[in-house]
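Asker: Structure of the sequence below:
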Amino acid sequence: MSLLTAMGNGFGTYLKPGAPMKEGTTLVELQIQRLGDAHDIVGERPEGVYTPVVLVPQSSMGGCCCCCLCYVSIPEGFSAIVSKFGAMVPGDLEDNTWSPGFHWFHPLYAVDKLVSKQLIVFDTPVKDVKTKDAIPVNIDVLMTFEIRRAPDFVYSIGPEKFDDLLRASQDEALRQMANRTEVQHIYDLHGASTADILSEMNKKFEKYGVVIHHFTVKNVTIPAEFADRFESKTLLDAQTTKRDASVKSDHLKLNNEEGKAKLREECTNAKMAAQQQAEVVTSQAVKDTSEVVARTQKDIAELETSWEIQKQQIITDAELKLSTYKSDILRIERELKSKTSAEVGRLSTEADAYHKDKLAEAHVEVAKRLAKGQRKLGEAEGDASEAFVALRAHEADMSRLEILEKLVRNEEIKIATTQENTVGLSEENKVVTQVAQQGLEALRAKLAEITATSLAKLEETRPTQQAMRTSKSERV
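Answerer: Next up, the predicted model:
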């Protein structure tokens, strides 16, 4: 095998398989250089005929700067079989394969095979299949299958052997179908049910971990001479059928024309009779309508007259009742007003009398309380007359002092001191000034004497006032 790189179609690097090319789909195991080439290869058809099912990577470890690293990235859509010295290492999936994604690997581990999880299309023709009447036909079948358990598939049968087994099973199933069908019905196999064939093949391939989803007859061809014969026979039958149909159609057209003419005449007669009947019915309807309208107008006039009389009677009765109600209302209002006025007068009189009584009582009580207060005040003043002597004398002195202060504040009066009078500074009011000065001096001396006397008397009368307050509080 030689190393090839397909150019211009997006394939990765792979080794050309040694399996022989077969007609239709050829299932193979393909060797690739790296795990990253798997997505570029699977789903394609290298060499135009191979269908890769199992991929064998020559290198599975990751690397960086030309150094091998102990990790591997398994691509999505594949079941990875990992081995160590040729022995399978169980993975984390149900069929002991390794799941897609990033994994740390032991240096002795290696990804042995990648098995595709895709639905794989298997399209192969089966030639010279004998029908029930021993005529050879060619049938092209399309199948889709899926590998569910990768280890069983790889180690039990492999892609090349599975290709042979699948072709043999398909050939056997198609020959059985064709042997039950005559050549004139062979094209019915396009829509024939293949559920029994599908079930039988799944039972056969179940041990290899393969499930077949569809088994469909895609195309059926018969030999040219038989096709021409069937075509002529089919055309002859069609022409005979067409001629019979044409004769029958002409006969039907003739009958149809006769029936149309007869029906047209019947329709014309029926139309004329219906028009006459319609005219009679219309005349009768117009007459009946006129009578009904006249009778209705008469009834309406009578009803309007009766309703007008009833309306006037109702209005008269209502006005009579209204006047009666108004008179009753006026009478009731007058009675209520007279009663209310009498009651208001009575209540007003009683209120005035009550007010005057209470006012007189209040005046009497006030007079009593004032007299009592005056008496108490006189008694208190009599008891405290001696104590108030000094206070009244002090108040009289303060009044005289206030008079002197007003004299002093009067700007029209000029007052000179004794010294001014002596040296003769005030010639105009010499006598007045001297008198005023002497009066002020006497008043100042008298004020000092009065103040001293008042203070002494206050000190003497303070115990007496305290005793009077105590006796007064006891009396109260």
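Asker: And the pLDDT for the spatially closest residue to Lys117 that is not a sequence neighbour?
Answerer: Nearest non-adjacent residue to Lys117, counting by Cβ to Cβ, 6 or more residues apart in numbering: Gly77, 5.4 Å away. C-beta: built from backbone N, CA, C; applies to glycine. Note on Gly77: pLDDT of 84.
Asker: Same check on Met1?
Answerer: You'll see Met1 listed with a pLDDT of 37.
Asker: Hmm, the residue nearest to Lys117 is touching Leu119, no?
Answerer: No: Gly77 lies out of contact with Leu119 (Cβ atoms under 8 Å); the separation is 11.1 Å.
Asker: For the stretch 251-400 of the chain, which segments count as helices?
Answerer: Counting by DSSP state H, counting those that start in this stretch, the stretch 251-400 of the chain has helices at residues 385-409.
Asker: rewinding a little: contact partners for the residue nearest to Lys117?
Answerer: Residues near Gly77 by Cβ atoms under 8 Å, 6 or more residues apart in numbering: 39, 42, 100, 116-118.
Asker: need these in CSV with distance to Gln31, can you?
Answerer: As requested, the contacts of Gly77 are arranged in CSV below (distance: Cβ to Cβ, whole Å):
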residue, distance to Gln31
His39, 16
Val42, 13
Pro100, 20
Ser116, 15
Lys117, 19
Gln118, 19
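Asker: Can you flag the buried ones in those residues?
Answerer: Among the contacts of Gly77, those classed as buried by 16 or more other Cβ atoms under 10 Å are 42, 100, 116-117.
Asker: residues in contact with the helix or strand containing Glu172?
Answerer: When secondary structure is defined by DSSP states H and E, Glu172 falls within helix 158-179. For helix 158-179, the external contacting residues (Cβ under 8 Å, 6+ apart) are 19, 22, 25-29, 53-54, 122, 124, 126, 129-132, 137, 139, 141, 143, 145, 153, 157, 186, 189, 192, 194, 197, 200-201, 204-205, 208, 210, 215, 217.
Asker: Provide the secondary structure category for Pro57.
Answerer: strand (DSSP: H, G, I helix; E, B strand; the rest coil).
Asker: if we can go back for a sec, I'd like to know which of the contacts of helix 158-179 are buried.
Answerer: For the contacts of helix 158-179, a burial check counting by 16+ other Cβ under 10 Å picks out 22, 25-29, 53-54, 122, 124, 126, 129, 131, 137, 139, 141, 143, 145, 153, 157, 186, 189, 194, 197, 200-201, 205, 208, 210, 215, 217.
Asker: Restricted to strands, list these.
Answerer: 26-29, 53-54, 122, 124, 126, 129, 137, 139, 141, 143, 145, 210, 215, 217 (DSSP state E).
Asker: ok so, going back, out of the contacts of Gly77, who's nearest Glu402?
Answerer: Among the contacts of Gly77, Pro100 lies closest to Glu402 (Cβ to Cβ), at 123.0 Å.
Asker: burial count for the residue lying closest to that closest one once chain neighbours are set aside?
Answerer: Counting by Cβ to Cβ, 6+ apart, Pro100 lies nearest to Glu76, which is 4.4 Å off, once chain neighbours are set aside. Counted with other Cβ atoms under 10 Å, residues neighbouring Glu76 total 11.
Asker: Glu76 in helix, strand or coil?
Answerer: Assigned with three-state DSSP, Glu76 falls in the coil class.
Asker: And Asp244, by the same measure?
Answerer: The local conformation at Asp244, judged by three-state DSSP, is helix.
Asker: residue contacts, it?
Answerer: Going by Cβ under 8 Å, 6+ apart, Asp244 touches no other residue.
Asker: Please parse this structure into its domains.
Answerer: Residue ranges for the domains of the chain, per automatic domain parsing: 3-225, 384-475.
Asker: Count the neighbours of Arg243 for me.
Answerer: A count of neighbours around Arg243, defined by other Cβ under 10 Å, yields 10.
Asker: Pull out the buried residues from stretch 169-181.
Answerer: Neighbour-count burial for stretch 169-181 flags 169-171, 173-174, 177-178, 181 (criterion: 16+ other Cβ under 10 Å).
Asker: can I get the CA coordinates of that stretch in PDB?
Answerer: Provided in PDB are the C-alpha atoms of stretch 169-181 (Å, rounded to 0.1, in the frame of the first residue of the first chain):
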ATOM      1  CA  SER A 169     -28.000 -11.600   2.600                       C
ATOM      2  CA  GLN A 170     -29.300  -8.900   0.300                       C
ATOM      3  CA  ASP A 171     -29.100 -11.200  -2.800                       C
ATOM      4  CA  GLU A 172     -30.900 -14.000  -1.000                       C
ATOM      5  CA  ALA A 173     -33.700 -11.700   0.200                       C
ATOM      6  CA  LEU A 174     -34.200 -10.100  -3.200                       C
ATOM      7  CA  ARG A 175     -34.300 -13.500  -5.000                       C
ATOM      8  CA  GLN A 176     -37.000 -14.600  -2.600                       C
ATOM      9  CA  MET A 177     -39.000 -11.500  -3.300                       C
ATOM     10  CA  ALA A 178     -38.500 -11.800  -7.100                       C
ATOM     11  CA  ASN A 179     -39.500 -15.500  -7.000                       C
ATOM     12  CA  ARG A 180     -42.800 -14.600  -5.500                       C
ATOM     13  CA  THR A 181     -43.500 -11.900  -8.100                       C
END
